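> What follows is a predicted protein model with its sequence.
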Amino acid sequence: MPIIRHLLLMLPEVSRMPMATQRTITVMEPRPMADARGLPEAYPYSLDDMQRLEALLFSDRFPDAIDCVGLHGLCSALAVGPAHDDAFDLAAFILGAESIESDPDKQAGEDSVSCSPEDAAFLSDKTAALVRHIRRQLDNEQLPALPDEIETDKDAASENSQTALENWCLGFTEIVLTLEDRWFADQAEEVATLIAPILAVADVEDLSDDTELASTSLAELLERGSDGDFSIPERLVDLYLIFNGE
């Protein structure tokens, strides 16, 4: 039995939570960027870079790519978790493949995608920049900012906001499952307790009817604070301290 499933079965709130087996992100339309507030605090990009990134991730060439909100979840996991040491091709991973075929004269294989070296380098650079941005917030003792698409006000939360939260959690979950042995090498129960609701939201449609999470709206889960038990930013801080504390 995989480490993560064994640990999660020990936690009452997700006693029968199914594990994700493949990416099932719901595609969301790119959000308009030119508004009075400027760029969201969650991303460290210029307007041009954000628009290029959205165009790349929403391209028909990459039907299995995660969206920008999912990318933030993925980068959050990389920022707070154990080092991945180039364990996989991150750009290909984000585009929903195992590898990238950069030669335009060659057809991509079953587990690869065709992507220009320039686009692959851009994606890798912006991913690394987002990881550094999240780490800086944590190092400065700030709660990491979440994408604007995720509404924290349960009364104002829309269906798109709920979809955004699912996509964020799915991006986070993919890193945890890919690097499972590293995430649970030490303090496994503490880590499992912190990430259990995130994994549950990533698979929310498949939750058992008798679990607490299945009967609670995503907005309510997000709004809970340290004594209500879901706040994503607070969980990121706790995970960061586990993996990066002195």
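Yep, it's here. Every value quoted in this text rests on a predicted model; they were computed, and no experiment measured them.
> Now do stretch 91-108: everything it contacts.
Stretch 91-108 is contacted by residues 23, 57, 62-66, 71, 74, 88-89, 109, 111-117, 120, 123-124, 127, 174, 178 when judged by CB atoms under 8 Å, 6 or more residues apart in numbering. Every residue, glycine included, has its C-beta placed from N, CA and C.
> From these, which land in strands?
Residues from the contacts of stretch 91-108 lying in strands, with DSSP state E as the criterion: 112-114.
> Would you check those and say which has the weakest pLDDT?
Lowest pLDDT of those: S112, 84.
> which residues touch stretch 132-148?
31, 40-44, 68-69, 72, 75-76, 79-80, 152, 164, 168, 232-234, 236-237, 240.
> picking that back up, looking at the ones in strands among the contacts of stretch 91-108, which has the most residues close by?
Scoring the ones in strands among the contacts of stretch 91-108 on neighbours with other CB atoms under 10 Å, the highest-scoring entry is V113 at 21 neighbours.
> All the strands of this protein, residue numbers only.
Secondary structure of the chain (DSSP E): strands at 99-101, 112-114.
> Burial check on D186, number of neighbours?
Around D186 there are 11 residues (other CB under 10 Å).
> who touches it in this structure?
Per CB under 8 Å, 6+ apart, neighbours of D186: I242.
> pLDDT score assigned to it?
We note a pLDDT of 87 for D186 in this prediction.
> Please apply the same query to P82.
Listed pLDDT for P82 reads 92.
> Neighbours of it, how many?
18.
> Not counting sequence-adjacent ones, nearest residue to it?
In space, and not counting its chain neighbours, P82 is closest to R182: 4.2 Å by CB to CB, 6 or more residues apart in numbering.
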